[in-house]
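In: Quick one, structure for this:
(4 chains)
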2 protein chains.
Amino acid sequence: MARSIPLTASLEDYLEAIFHLENKDKVARGKDIAEALGVAQPSVTGAMRSLAGKGLVNYEPYGLVTLTEAGRREAGRIAEKHRIIESFFVQVLGVDIETAQRAACKAEHALGPAVCERLLAFTNFIEKSKQDGRDIAGQFEAFCE
Amino acid sequence: MARSIPLTASLEDYLEAIFHLENKDKVARGKDIAEALGVAQPSVTGAMRSLAGKGLVNYEPYGLVTLTEAGRREAGRIAEKHRIIESFFVQVLGVDIETAQRAACKAEHALGPAVCERLLAFTNFIEKSKQDGRDIAGQFEAFCE
DNA sequence: TTGACAACTTAGGTACTCCTAACTATAATT
DNA sequence: AATTATAGTTAGGAGTACCTAAGTTGTCAA
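Out: Model prediction:
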């Protein structure tokens, strides 16, 4: 069972971008990856070579890019981390979505599974409090006045 | 009024280490900086040159390192960010201190002032709830069972 | 005062990530 | 089928951040 080799923040970003493009367009084209990440095309070529070398993407020169099984698993983990962090920022802290997204993009590379798990549980706890009528996030808003 | 130039995560780490060493030992010696960050000495020399070029430390070859006014201000900001994040992890999420410290070291470079401000307010809110007898962190613990 | 030792620097090298400019392959159009 | 536009690649280069090995400085002790 392949234990996931630690990736650099940059490669995680590529993987995540491919994941989202596959979910949206079925395939990931180099140009779209470049655009999604705000990098030039040659940077994508290099990154694909690197990810292919780690067995995370299927890549042939001039071909389309697809995630391997391992790549999809890893990308899913990263995307979920992102989602957890962003949700926490928005739903608990009440940060605006723009800021939350930017912050989550960076923080997703910094927080390990243990912290993320706790963060998810906490956000769920806060959301549940809304249904219970306790609305802790609302209390926090009032506290901030 | 000098607006703080964005530093790399690495340079922020050096600045923070010097800040803590100055607070502890009055001065920062290269060897101790290297040890604190787990890097080799030549890495420190290079970093000091870079920080000196940005006007954040006073550095002369073979001399002791001290923070400039601007450097102390910046280092203080970073150290405070670290403190805020770590406190949140421990006091709100209930993460163990070891893990919290490691995570905070990384996250401090990822979170901007807006998010950190909210995070601080939220941690204060949770702490206050403990005094009120509502103890939201305690409720969260129970929720996790 | 002269070693000897610790601290520091220089030199040289690797890895990563990005860039621009120039070239090549693919696919669409006519 | 030839042309042309688009996508992708190679080549070459820059900046950051590390490292080891080798040389330099400074200080303290005999």
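In: can we go C-alpha only for contacts and neighbour counts from here?
Out: Will do.
In: Next, the buried residues of stretch A:93-102.
Out: Residues of stretch A:93-102 classed as buried by neighbour count (16 or more other CA atoms under 10 Å in any protein chain shown): A:Leu93, A:Gly94, A:Val95, A:Thr99, A:Ala100, A:Gln101.
In: Return the closest of the residues you listed with respect to DNA strand C.
Out: Set against DNA strand C, the nearest of the buried residues of stretch A:93-102 by CA to the nearest atom of the strand is A:Gln101 (17.4 Å).
In: State the helix or strand in which the closest one lies.
Out: Assigning secondary structure by DSSP states H and E places A:Gln101 in helix A:97-107.
In: For that helix, give me every contacting residue.
Out: A:His82, A:Arg83, A:Ile85, A:Glu86, A:Phe89, A:Val90, B:Ala107, B:Ala110, B:Leu111, B:Gly112, B:Val115 (CA atoms under 8 Å, 6 or more residues apart in numbering or on different chains).
In: Where neighbours are concerned, which of those residues has the most?
Out: A:Glu86 (25 neighbours; other CA atoms under 10 Å in any protein chain shown).
In: would you say that residue is within a strand?
Out: No - per DSSP: H, G, I helix; E, B strand; the rest coil, A:Glu86 lies outside any strand segment and is helix.
In: On the pLDDT front, check it for me.
Out: pLDDT for A:Glu86: 98.
In: Please report how far it lies from A:Ile78.
Out: Distance of A:Glu86 to A:Ile78, given as CA to CA, to the nearest Å: 12 Å.
In: repeat for A:Ile5
Out: Here A:Ile5 is placed at a distance of 13 Å from A:Ile78 (CA to CA).
In: between the two, who's got more neighbours?
Out: Neighbours were counted for A:Ile5 and for A:Ile78 using other CA under 10 Å; A:Ile78 has more, 20 against 8.
In: Next, the more buried one: phi, psi?
Out: According to degrees, to the nearest 10, the main-chain angles of A:Ile78 amount to phi -70, psi -40.
In: Now the closest residue to it other than its chain neighbours: which helix or strand?
Out: Leaving aside its sequence neighbours, A:Ile78 sits nearest to A:Glu16 (CA to CA, 6 or more residues apart in numbering or on different chains; 6.6 Å). Taking DSSP H and E as the definition, one finds A:Glu16 inside helix A:9-25.
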